[in-house]
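Asks: Mind looking at a prediction? Sequence and model below.
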Amino acid sequence: MDFKQMTAPCGLDCFNCPVYLANENEGLRKKISENLGIPLEQAVCQGCRNEKGTIGCLNMVGPCNVYRCIQKKGVEFCFECPDFPCDHLHPYADKESQVPHNTKAFNLCLIKKMGLERWAKDKAKKVKDTYFKEKWKL
């Protein structure tokens, strides 16, 4: 797998996203379609970079702010930018239990520290599992 192509510039791991995984899983696609109230054919994604920053199942009409910014600045990942971290990566409480967007800055730091390949193989899924399944710790 091309982990660079399948990791969003903001650090989200598209290769672990249910909407990406629905490309190969009809049952998952049906569940996503029902949960989001969208047509079955729209309940899939090819990954942020392949979709050019526009995720169809979210009814986006253009690329997200992060994707526009990395194109403008000519970087592949946000951590390569001298302005990292910036407000494009700001965590939000809205929908935090449904989408892993609050993990972006953490993932980017791990990618920078571990390297993309090692992060993708050894850590990305654990970050998502911890975010959604573990109890909060101090």
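Replies: Great, that's in hand. Just so it is clear, the model here is predicted, and its values are computed rather than measured.
Asks: give me the low-pLDDT residue ranges for the chain?
Replies: For the chain, no stretch has pLDDT under 70.
Asks: go with 90
Replies: For the chain, the stretches flagged by pLDDT under 90 are 36, 55-61, 91-101, 136-138.
Asks: How much space separates Val57 from Cys10?
Replies: Rather than Val, residue 57 is Cys. Distance of Cys57 to Cys10, computed by C-beta to C-beta, to the nearest Å: 17 Å. Glycine gets a C-beta too; all of them are placed from N, C-alpha and C.
Asks: neighbour count winner among those two?
Replies: Neighbour tally, Cys57 and Cys10, criterion other C-beta atoms under 10 Å: the higher count belongs to Cys10, 24 against 17.
Asks: quick check, that one in a strand?
Replies: No. With DSSP: H, G, I helix; E, B strand; the rest coil as the criterion, Cys10 is assigned coil and is not in a strand.
Asks: quick one, what contacts it?
Replies: Cys48, Cys64, Val66, Cys78, His88, Leu89, His101, Lys104, Leu108 (C-beta atoms under 8 Å, 6 or more residues apart in numbering).
Asks: for Gln71, same thing?
Replies: Applying C-beta under 8 Å, 6+ apart, the residues contacting Gln71 are Gly53, Pro63.
Asks: ditto for Lys52
Replies: Applying C-beta under 8 Å, 6+ apart, the residues near Lys52 are Pro63, Tyr67.
Asks: any chance of the contacts of Cys10 in CSV, with secondary structure, neighbour count and distance to Met114 too?
Replies: What follows is the contacts of Cys10, written out as CSV (DSSP: H, G, I helix; E, B strand; the rest coil; neighbours: other C-beta atoms under 10 Å; distance: C-beta to C-beta, whole Å):
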residue, secondary structure, neighbour count, distance to Met114
Cys48, coil, 24, 20
Cys64, coil, 17, 25
Val66, helix, 21, 21
Cys78, helix, 26, 16
His88, helix, 19, 22
Leu89, helix, 20, 18
His101, helix, 18, 21
Lys104, helix, 21, 16
Leu108, helix, 25, 11
